[in-house]
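Undergrad: Quick one, structure for this:
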Amino acid sequence: VMRGGREMDNHFEVMWDLFRSIPSIETEGVSVLDEYYWLNKEDPNYSLCRATVNRGQDAHTDGKFDISDKGAMEIMKLFFTPNEQLQDKKITDFFDEEVLNSNFWLYWRTMFAFENWHSALEMKLYIQRYIHHIGGLPDFTALRFTKYNQYESMILPMVKYLESHNVQFHYGVQVANVEFDCSDPKHKLAKRIDVIRDGKKEAIDLTENELKEGGGWDMWRKIAAQDPSFGHPDKFCHDPEQTNWMSATVETLDQKIIPYIKNICKRDPFTGHVVTGGIVTVKDSSWLLSWTINRQPQFRTQPKDHCLVWVYSLFTDKPGDYIKKPMRECTGKEICMEWLYHIGVPEDQIEELATNSANTVPVMMPYIDAFFMPRAYGDRPNVVPEGSVNFAFLGQFAETPRDTIFTTEYSMRTGMEAVYTLLNVDRGVPEVWGSVYDVRDLLNATVKLRDGKKATDMDMGFMEKMAVKKALGKIEGTDIEKLLKEYGVI
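TA: Residues are numbered from 1 along each chain as shown. This is a model prediction of the structure:
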């Protein structure tokens, strides 16, 4: 079963800092970072078809954001709105149809799995975090991928490395609760861990020198009840209807489906190189279905003539276009049939191919988008809460400045921040890449968002045009004019 593809960029600074120290399990004498860098340099990612319509026809988004000046100004307004004013705000509090009906929003929502009702604050953080990649969103040139699935490419090398240093992993153990002593706000202590090991309840007493990290909804609720600084989990998980989407892994069993894949992605999936180069979104799908094929094989033990396709949909409650049922009510075979319909398989062949030429495993994820729900500061606990002695919060629901959730980088950043802080490691956590403070990236994104149009081409009134003309006269012959011309602003 595939768990999507980890979309990574060239400035996941904590990730690269970590993986340069982790030895490869495939090539002796090199690191995981070495492998990853060489792979993406030799086989760079890009898409040849970002979206389809009319059962497998190219939607010809053609690298365009197709957004109006009014829509661009709505995005700019959100970009410059202080975070404090975005507490508990929704995306639709800032964007209307000018943005929501554009290619920009099609790219954005399907790539990052945002819904219209999600957090405006999270949307702003994403735009700022990846401002240097705005131009690479339409064709996914902004992205990097691993050779295999994320477990075999990233987790397994770390496990092997840690085991070689005598780290013990305890599997089959569930942490049910952590008991804290918060009587002294300046000295908050995790005292006991309640666990379930092989079905049996146990308690592990902790001292100040034993560190604790953990997660899970029920456990977070129990922890949050013990101190106000431990967050508000129900802010994120109160309504699965607003946080769910669904995926499926389609494994092709023969060559009968492959020609339809090739027709869309314009590549042979069995070369070991980039295939779709990111998701292909079915623009006219009532499920808003997208699918992707990463480098094959995705698993080391995968049969060489089998292809793994990851399919996902944001609208699990809408009836399909071929299968007249919501995705959440469909079997794996029915999901495959809906996908085959949208990639252009003749209707009289769809059921036979879904039955005998593919095996499809569906996965419903009721809380997959929970971290995108509108929130306020304090709803997520700080990685190391004030006064913490021996515990930290890790992962997507911990608070760390400027970085964005739903990324491997965020999980690693919170872990590194926790360890360095609690153990007084005299080494800085790599800073979030600072493109939001680079005027060159800001200028470039401004022009790319408007599909290459100059700022001077915007629809302006007479007085605005005169003001712009006067300003341009002031900078004539200066380095400022040179910079604006270099990035196509004027």
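Undergrad: residue ranges with poor pLDDT in the stretch 151-300 of the chain?
TA: 212-215 (pLDDT under 70).
Undergrad: and with 80 instead?
TA: Filtered on pLDDT under 80, the stretch 151-300 of the chain yields the residue ranges 210-215.
Undergrad: Tell me where it has strands.
TA: 173-181, 189-197, 200-205, 212-214, 245-252, 280-282, 289-292 (DSSP state E, counting those that start in this stretch).
Undergrad: next one: the stretch 301-450 of the chain
TA: In the stretch 301-450 of the chain, the strands defined using DSSP E, counting those that start in this stretch lie at 308-313, 358-365, 391-393.
Undergrad: and these as CSV, adding distance to residue 477, mean pLDDT and mean neighbour count?
TA: C-beta coordinates here come from the backbone N, C-alpha and C atoms, glycine included. As requested, the strands of the stretch 301-450 of the chain are arranged in CSV below (distance: least, C-beta to C-beta, whole Å; pLDDT from 0 to 100; neighbours: other C-beta atoms under 10 Å):
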stretch, distance to residue 477, mean pLDDT, mean neighbour count
strand 308-313, 53, 98, 24
strand 358-365, 57, 97, 18
strand 391-393, 54, 95, 24
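Undergrad: May I see these organised as JSON lines, with distance to residue 422 added?
TA: Formatted as JSON lines, those follow (distance: least, C-beta to C-beta, whole Å):
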{"stretch": "strand 308-313", "distance to residue 422": "37"}
{"stretch": "strand 358-365", "distance to residue 422": "31"}
{"stretch": "strand 391-393", "distance to residue 422": "6"}
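Undergrad: wait, which of those is closest to residue 185?
TA: Residue 185 lies closest, by C-beta to C-beta, to one member of the strands of the stretch 301-450 of the chain: strand 391-393, at 14.5 Å.
Undergrad: so how far is that closest one off the chain centroid?
TA: Strand 391-393 sits 23 Å away from the centroid of its parent chain (C-alpha atoms, centre = their mean, to the nearest Å).
Undergrad: what does that strand contact?
TA: With contacts defined as C-beta atoms under 8 Å, 6 or more residues apart in numbering, strand 391-393 is touched by 178, 180, 188-190, 211-213, 215, 230-231, 380-385, 398, 414, 417-418, 421-422.
Undergrad: which of the residues you listed are buried?
TA: In the contacts of strand 391-393, burial by neighbour count holds for 178, 180, 188-190, 212-213, 230-231, 380-385, 398, 414, 417-418, 422, counting by 16 or more other C-beta atoms under 10 Å.
Undergrad: Just these: which are in helices?
TA: Among these, the ones falling in helices (DSSP state H) are 414, 417, 418, 422.
Undergrad: Which member of the residues you listed is positioned nearest residue 474?
TA: Checking these against residue 474 with C-beta to C-beta, the nearest one is residue 417 at 44.8 Å.
Undergrad: right, and that closest one touches residue 401 too?
TA: No - applying C-beta atoms under 8 Å, one finds residue 417 not in contact with residue 401, separated by 10.0 Å.
Undergrad: The strands of the stretch 301-450 of the chain: which one's closest to residue 164?
TA: Closest among the strands of the stretch 301-450 of the chain, using C-beta to C-beta: strand 391-393, at 25.1 Å.
Undergrad: Partner strands of the closest one, with direction?
TA: Strand 391-393 has the following sheet partners, assigned by DSSP bridges: strand 212-214 (parallel).
Undergrad: returning to what we had before: indicate which one of the strands of the stretch 301-450 of the chain is closest to residue 128.
TA: strand 391-393 (23.1 Å).
Undergrad: May I have the residues that are in contact with residue 362?
TA: By C-beta under 8 Å, 6+ apart, residue 362 lies in contact with 246, 247, 248, 330, 331, 332, 335.
Undergrad: any chance of these in a markdown table, plus distance to residue 22?
TA: Formatted as a markdown table, those follow (distance: C-beta to C-beta, whole Å):
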| residue | distance to residue 22 |
| --- | --- |
| 246 | 33 |
| 247 | 28 |
| 248 | 31 |
| 330 | 40 |
| 331 | 40 |
| 332 | 35 |
| 335 | 36 |
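Undergrad: State the pair within these that is farthest apart.
TA: 247 and 331, at 14.4 Å, using C-beta to C-beta across those.
Undergrad: Name the residue in the two with the higher neighbour count.
TA: Between residue 247 and residue 331, residue 247 has the larger neighbour count (other C-beta atoms under 10 Å), namely 22 against 14.
Undergrad: and the closest residue in space to that one that isn't next to it in sequence, how far is that from residue 280?
TA: Using C-beta to C-beta, 6 or more residues apart in numbering and skipping the chain neighbours, the partner closest in space to residue 247 is residue 312 (4.0 Å). Applying C-beta to C-beta, to the nearest Å, the value for residue 312 to residue 280 is 11 Å.
Undergrad: Need the overlap of contacts for those two.
TA: Common contact partners of residue 312 and residue 280 (C-beta under 8 Å, 6+ apart): 290, 291.
Undergrad: measure stretch 10-25 end to end?
TA: End-to-end distance for stretch 10-25, by C-alpha to C-alpha, to the nearest Å: 22 Å.
Undergrad: So which bits of it are buried?
TA: Residues of stretch 10-25 classed as buried: 11-19, 22-25 (neighbour count, 16+ other C-beta under 10 Å).
Undergrad: from those residues, which is closest to residue 275?
TA: Looking across those and measuring by C-beta to C-beta, the closest to residue 275 is residue 12, at 22.3 Å.
Undergrad: ok so, going back, of the contacts of residue 362, grab the buried ones for ChimeraX.
TA: Buried subset of those, written as a ChimeraX selection, criterion 16+ other C-beta under 10 Å:
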select :246,247,248,330,332,335
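Undergrad: Helices of the stretch 51-200 of the chain, start to end?
TA: Taking DSSP state H, counting those that start in this stretch as the test, the helices found in the stretch 51-200 of the chain are 69-80, 97-100, 103-112, 120-129, 150, 156-164.
Undergrad: what's in contact with the fifth one?
TA: Where contact means C-beta under 8 Å, 6+ apart, the residues beyond helix 150 that reach it are 3, 5, 6, 408.
Undergrad: Count the residues that sit near the closest residue to residue 159 other than its chain neighbours.
TA: Leaving out its chain neighbours, the residue that sits closest to residue 159 by C-beta to C-beta, 6+ apart is residue 169, at 7.0 Å. The criterion is other C-beta under 10 Å. On that basis, residue 169 has 8 neighbouring residues.
Undergrad: same thing with residue 314?
TA: Residues lying near residue 314 (other C-beta under 10 Å) number 21.
Undergrad: which one is it nearest to, not counting chain neighbours?
TA: For residue 314, the spatially nearest residue (C-beta to C-beta, 6+ apart) is residue 288, at 4.6 Å.
Undergrad: pretty sure the one you found is in contact with residue 315, am I right?
TA: Yes - using C-beta under 8 Å, residue 288 makes contact with residue 315 at a distance of 5.0 Å.
Undergrad: Find out how far stretch 184-195 is from the centre of the chain, if you would.
TA: 33 Å.
Undergrad: Kindly report the same for stretch 283-295.
TA: On C-alpha atoms, centre = their mean, the centre of stretch 283-295 falls 16 Å from that of its chain.
Undergrad: Compute the first-to-last residue distance for it.
TA: One end of stretch 283-295 sits 24 Å from the other (C-alpha to C-alpha).
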